[in-house]
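Visitor: Curious how this folds, go ahead:
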Amino acid sequence: MFSQLNFFQKSSEDTLDKTIQNANQMCKKIINDQLMHLGVDSEYRYSTKEAVEELGLDDELVHQLVEDYVIQIIKSTLQFENYLEKLQMSKVSNQELDFIPFRELAHKNLGVARNLRIKNAEILLYELMKKDDLDYLKVCLEALKMCSVKLKPKCAYNTLKLIKVKSSL
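Guide: Sure, this is the predicted structure:
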């Protein structure tokens, strides 16, 4: 899932910095190579300003909501991947592809991204909600993962570490 980021080699700040650097590089590569047509900004830096002004919330609360969103996306990627695997199996066995659960999950996450004004996530989740090409959906999902890590790297790191611990129990 996020193994290419090397999250679990050490727990030092150096590892977190390396993780951020890897997420930035992979995000740029995917966006600039395979998703250029979407107009997603590979240098995008989220700012709470728009959400604070439009929603009437304070900056600290928006930051907390963005952290909650990052946790939600990381957990959702497991579900997205399971749905994609089932869709791929259906395609291989020439069965009808049922995109409904996949699209419902994308829609749920899209609503949160829109509310928080997270532009790159809005674009990528919209693609996940509307497109049918499984290979393209995998690319969009990879970009979404890397963009979520870039939003709140330390939160993403801690969430993935917690998931790894829980799955080993």
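Visitor: what secondary structure does Ser42 sit in?
Guide: In three-state terms, and counting by DSSP: H, G, I helix; E, B strand; the rest coil, Ser42 is coil.
Visitor: Quick check: closest non-adjacent residue to Lys152.
Guide: Leaving aside its chain neighbours, Lys152 sits nearest to Val70 (4.5 Å; criterion: Cβ to Cβ, 6 or more residues apart in numbering). (Glycine included, C-beta is placed from N, CA and C.)
Visitor: got it, and Val62?
Guide: Thr48 (4.3 Å).
Visitor: count of neighbours near the residue nearest to Lys152?
Guide: By other Cβ atoms under 10 Å, 24 other residues sit near Val70.
Visitor: mind listing what's buried in the longest helix anywhere in the chain?
Guide: As assigned by DSSP state H, the longest helix anywhere in the chain is helix 59-92. Residues 62-63, 65-67, 69-74, 76-77, 80, 83-84, 87 are the ones in helix 59-92 that count as buried (16 or more other Cβ atoms under 10 Å).
Visitor: swap in stretch 121-138?
Guide: Buried residues in stretch 121-138, counted by 16+ other Cβ under 10 Å: 121-129, 134, 137.
Visitor: So, low pLDDT: which residues of the protein?
Guide: 1-14 (pLDDT under 70).
Visitor: tell me the helices in it, going along the chain?
Guide: Counting by DSSP H, the helices of the chain are 13-33, 49-55, 59-92, 100-116, 119-130, 134-151, 153-168.
Visitor: The fifth one packs against which elements?
Guide: Contacting helix 119-130 under the criterion 3 or more Cβ pairs under 8 Å, 6 or more residues apart in numbering; DSSP states H and E are the following elements: helix 59-92, helix 100-116, helix 134-151.
Visitor: give me that answer again for 10 Å
Guide: On a contact count with 3 or more Cβ pairs under 10 Å, 6 or more residues apart in numbering; DSSP states H and E, helix 119-130 meets helix 13-33, helix 59-92, helix 100-116, helix 134-151.
Visitor: now for the first one, which elements pack on it?
Guide: With contacts defined as 3+ Cβ pairs under 10 Å, 6+ apart, the packing partners of helix 13-33 are helix 119-130, helix 134-151, helix 153-168.
Visitor: would you list those helices in JSON lines and tack on distance to Asp17?
Guide: Output for those, formatted as JSON lines (distance: least, Cβ to Cβ, whole Å):
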{"stretch": "helix 119-130", "distance to Asp17": "22"}
{"stretch": "helix 134-151", "distance to Asp17": "13"}
{"stretch": "helix 153-168", "distance to Asp17": "9"}
